[in-house]
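Colleague: when you get a sec, could you give me coordinates for this:
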Amino acid sequence: MPIVYGAKGVLVQINRFIRNSVLLFIGMAVFGGSVQIVDAAEPIPVGVLHSTKYPYATMMKNSFEMALAEVNRSGIKGRPLKLIYADDQGERKAGEQAVRRLVTQKGVRVLVGAYQSSNTVYMARIAEKLGVPLLVCTAADDRVTQRKWPYVFRLNPPAGDYAKGLEDLFKARIKPRSMAIVYENSPFGTGGALRMMWFCRENDIETKAIIPYHKERARNPASGSAYFKRLLNPLATDSPDVIYMVSYLDDAVLLVKNINALKINALLCGGAGGFTHQKFLDKAGREADYLLTATLWSPQSRRPGARAFYDAYIQKHTVPPDYHGAEAYSALFVIADALRRADTLEPAAVRKALAATDMQTPFGSVKFVTYNQYAQQNKLSTLVLQVIDGQYHSIWPESIANQELIPRPGWRQ
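Modeller: You can find the predicted model right below:
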């Protein structure tokens, strides 16, 4: 032990020597004589499967970082969390590599994130093979929690449940006689469209058109608008009561603008996704008025902490968050809760603690259950918003509504 002059310096060195000696003894006892010294304040690594090209990536990263700051005020068993991001690029191969890198090179104890349905199933499979728990907080592909993988959990509803609140509103108030379904030809879009097709069949609603589209063609700056017009033109001469759309942000804007340009007299409804973000309102302008959209969260939902998160996000980042932000923010608190309850920080112990989760978050209650074909799936009711004068208003369920449904002018006339 080096000599340090001054009483304070000597005391510091003695305390450091005692602490390291104790850690050395524990390390030798636990690991059969091998020396492993781990500082008690060493951060706990949590891997975030992040996609920089995802439309909501910035919002979600901001939300993760806000939650991290709050969690680290008290820490986890005396240690802070450290988020390690890996860009999965929204693609299968890159996603699989991201999971492996986080687990084998960065030593993460648990994974969170996974935004896009197109690659999350593959990332979940790798996490399962490596035996590290993954909490999916956004990807909606039904298959993610239908494979019954013990290490895979999901916070957000599956795609098949996204429109449940909207379906309840259809049955109780709107009572449509006919519908057209327009959707992105992807796991997210297809899953949402199939659910609505079954709903129409079960409730004797005529399906006037089923229109899948290729996102690559829709997003071509030179021809995207013309592409949508060709697909939607048949609805101009035979308008359904409702047009139900499952799309991400840019496509959602194009769809609404082209439907209005064709003067299709239908009630426009979005299946969450791109219809819930402030940027949708900014880009679509007044053409978005009277549109209904399913959503997974609203600051008007009266869920504990929902409004506080919304206000704090605006104060820090100026732009209002939607459910994507609430998912990320809440997911990290679920991870922190599991880490605090886990017997050890080994992945198997963290998985066991996650499975026993029962808590309230700003996104809603979180408890992983088995229902229908899903396993380790959080089950939540979904909400309905309506755009009026360029703003979202909660209209369903009635218990949290701040406004009555306003029919689109001329609808059904």
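
Colleague: every contact and neighbour count from this point should use C-alpha atoms.
Modeller: Will do.

Colleague: next up, phi/psi of residue 272, please.
Modeller: Phi and psi for residue 272, reported as degrees, to the nearest 10, are phi 60, psi -130.

Colleague: go on, residue 298?
Modeller: According to degrees, to the nearest 10, residue 298 has phi -150, psi 140.

Colleague: quick one: contacts for the spatially most central residue of the chain?
Modeller: In the chain, the residue lying closest to the centroid (CA atoms, centre = their mean) is residue 138, at 2.3 Å. Neighbouring residues of residue 138 by CA atoms under 8 Å, 6 or more residues apart in numbering: 113-116, 155-156, 324, 327-328.

Colleague: try it again with 10 Å
Modeller: 60, 112-117, 120, 154-158, 323-325, 327-328, 331 (CA atoms under 10 Å, 6 or more residues apart in numbering).

Colleague: for PyMOL, what selects the buried ones among the residues you listed?
Modeller: Buried residues among these (16 or more other CA atoms under 10 Å), as a PyMOL selection:
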select buried, resi 60+112+113+114+115+116+117+120+154+155+156+157+158+323+324+325+327+328+331
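
Colleague: residue 229 - nearest residue in space that isn't next to it in sequence?
Modeller: Once flanking residues are discounted, residue 229 sits nearest to residue 258: 6.2 Å by CA to CA, 6 or more residues apart in numbering.

Colleague: could I have the CA atoms of the helix or strand harbouring that neighbour written out in CSV?
Modeller: Using DSSP states H and E, residue 258 sits in helix 249-261. In CSV, the C-alpha atoms belonging to helix 249-261 read as follows (Å, rounded to 0.1, in the frame of the first residue of the first chain):
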residue,chain,number,x,y,z
LEU,A,249,-45.9,8.2,-40.6
ASP,A,250,-45.1,9.3,-44.2
ASP,A,251,-47.5,6.8,-45.7
ALA,A,252,-50.3,8.0,-43.3
VAL,A,253,-49.9,11.6,-44.5
LEU,A,254,-49.9,10.6,-48.2
LEU,A,255,-53.0,8.4,-47.7
VAL,A,256,-55.0,11.1,-46.0
LYS,A,257,-54.1,13.7,-48.6
ASN,A,258,-54.9,11.5,-51.5
ILE,A,259,-58.2,10.4,-50.1
ASN,A,260,-59.2,14.0,-49.7
ALA,A,261,-58.0,14.9,-53.2
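
Colleague: name the helices or strands packed onto that helix?
Modeller: strand 178-184, helix 215-218, helix 224-237, strand 242-246, strand 267-270, helix 278-284 (3 or more CA pairs under 10 Å, 6 or more residues apart in numbering; DSSP states H and E).
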